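Compute the structure for the input listed below.
(one chain, ligands or ions: 2)
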Amino acid sequence: MSAVRENGVIVAIDGPSGAGKSSLTKLLAQRLGYIHIDTGAMFRAVALMSKRAGIATDDDARLAELCRGLEVTFVRDGENCRVLANGEDVSTEIRTEEIGLLTSAISARKPVREALLTMQRAMGAKGGVILEGRDIGTVVFPDAEVKFFLSASAEERGRRRYLELAARGDKATLEETIAKVIQRDQQDEGREHAPLKQADDALPIDSTSLSIEEVLTVMENAVRERLAQDDKR
Ligand SMILES: Nc1ncnc2c1ncn2[C@@H]1O[C@H](COP(=O)(O)OP(=O)(O)OP(=O)(O)O)[C@@H](O)[C@H]1O
Ligand SMILES: Nc1ccn([C@H]2C[C@H](O)[C@@H](COP(=O)(O)O)O2)c(=O)n1
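Ligands and ions are numbered 1, 2, ... in the order given. Here you go, the predicted structure:
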């Protein structure tokens with residue numbers, strides 16, 4: 001319980017691809033007993049459904065119609081979280097690099113952002129949540145009590161993604177993977193609607209030379225410090 005919201009505070013973790021947002025959000029949510037909201041997965045679900053429906057990435061009318069009929073839900077599966085699109089488990093399909101690149105294009109469209117913004121605010125309004133994404137601290141919840149901007153060098157993020165893809169049997173080279181990370185960064189930072197950027201009041205964390213555990217310690221300490229402040233109010 002926080003002095004501000006019914007279930008606790010809202011934590012925002014924004015940052016570029018491969019920075020470690022999902023990994024840290026999952027661990028921090030476990031430490032705090034909070035809900036993990038992977039907003040990237042929501043955009044990925046829209047991208048997957050748009051691909052299946054043959055909708056062009058700039059067809060705003062059909063994208064808006066698709067979003068109106070789409071319900072994205074998260075279901076706990078042990079320590080993991082399954083992503084359901086209208087009840088279908090799409091957890092694996094949304095994680096391909098093809099869908100990742102398509103998602104970056106789809107997520108630039110205003111109707112898609114407006115539809116998911118409404119969903120994300122409804123999911124997090126009572127607090128006790130950690131949302132990871134690109135615009136959580138700037139657009140979705142600018143009043144979030146704790147905000148982080150998690151980054152790392154493009155080379156390090158590409159290396160991490162390369163190791164992740166290689167473990168899944170993907171044959172992409174390290175150079176190709178770094179290039180794709182940079183491409184997605186440019187698309188996410190350069191778009192008109194809700195671009196990737198650090199909120200003025202976010203705590204920046206450069207994880208290039210930090211372990212996951214070291215990042216987790218910084219984040220958990222910052223959240224617990226805020227909770228202690230709220231308790232004194
Ligand atoms: N500080 C770190 N040191 C080493 N490896 C890390 C670190 N943080 C994350 N990783 C690893 O990097 C890979 C990508 O991490 P993760 O998926 O959490 O990043 P992300 O920011 O959510 O990426 P995306 O936005 O593309 O989904 C994972 O294999 C993860 O284990
Ligand atoms: N709040 C968000 C979350 C994600 N996106 C876009 C940008 C990414 O390229 C794509 C996939 O995100 P990921 O799963 O890699 O974190 O979705 C966004 O625009 N806003």
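
in which helix or strand would I find residue 188?
In this structure, residue 188 sits in helix 174-190 according to DSSP states H and E.

Would you indicate which residues of that helix are buried?
Of the residues in helix 174-190, 177-178, 180-182, 184-185, 187-188 count as buried by neighbour count, 16 or more other Cβ atoms under 10 Å. Every residue, glycine included, has its C-beta placed from N, CA and C.

Same list, the residues you listed, but as TSV with distance to residue 19 and pLDDT please.
Converted to TSV, the buried residues of helix 174-190 look like this (distance: Cβ to Cβ, whole Å; pLDDT from 0 to 100):
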residue	distance to residue 19	pLDDT
177	14	94
178	14	97
180	15	92
181	10	93
182	13	95
184	12	90
185	10	93
187	16	91
188	11	92
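
which one of these is nearest residue 39?
Top of the list for closeness to residue 39, among the buried residues of helix 174-190 and by Cβ to Cβ, is residue 188 at 12.4 Å.

Would you map the strands across the chain?
10-14, 35-38, 72-77, 80-85, 88-89, 129-133, 146-151, 203-206 (DSSP state E).

now the residue most central in space within the chain, nearest residue through space, not along the chain?
Nearest to the mean C-alpha position of the chain, counting by Cα atoms, centre = their mean, stands residue 133 at 2.8 Å. Nearest-residue entry for residue 133: residue 39, 3.7 Å, with adjacent residues in sequence omitted and distances by Cβ to Cβ, 6 or more residues apart in numbering.

What of residue 57?
Counting by Cβ to Cβ, 6+ apart, the nearest residue to residue 57 once its immediate chain neighbours are dropped is residue 105, at 4.3 Å.

Let me know the pLDDT of the one you found.
Among the per-residue scores, residue 105 shows a pLDDT of 91.

And residue 116, by the same measure?
Model confidence at residue 116, given as pLDDT, is 97.

who touches it in this structure?
Residue 116 makes contacts with 39, 42-43, 46, 67, as judged by Cβ atoms under 8 Å, 6 or more residues apart in numbering.

coming back round to it: quick check: the gap between the residue nearest to residue 133 and ligand 2.
As defined by Cβ to the nearest ligand atom, to the nearest Å, residue 39 lies at a distance of 4 Å from ligand 2.

Report how many residues lie close to residue 87.
Applying other Cβ atoms under 10 Å, we find 8 residues neighbouring residue 87.

who's in contact with the residue nearest to residue 110 when sequence neighbours are not counted?
Using Cβ to Cβ, 6+ apart and skipping the chain neighbours, the partner closest in space to residue 110 is residue 193 (5.1 Å). If a contact means Cβ under 8 Å, 6+ apart, then residue 193 has 108-110, 113 as its contacts.
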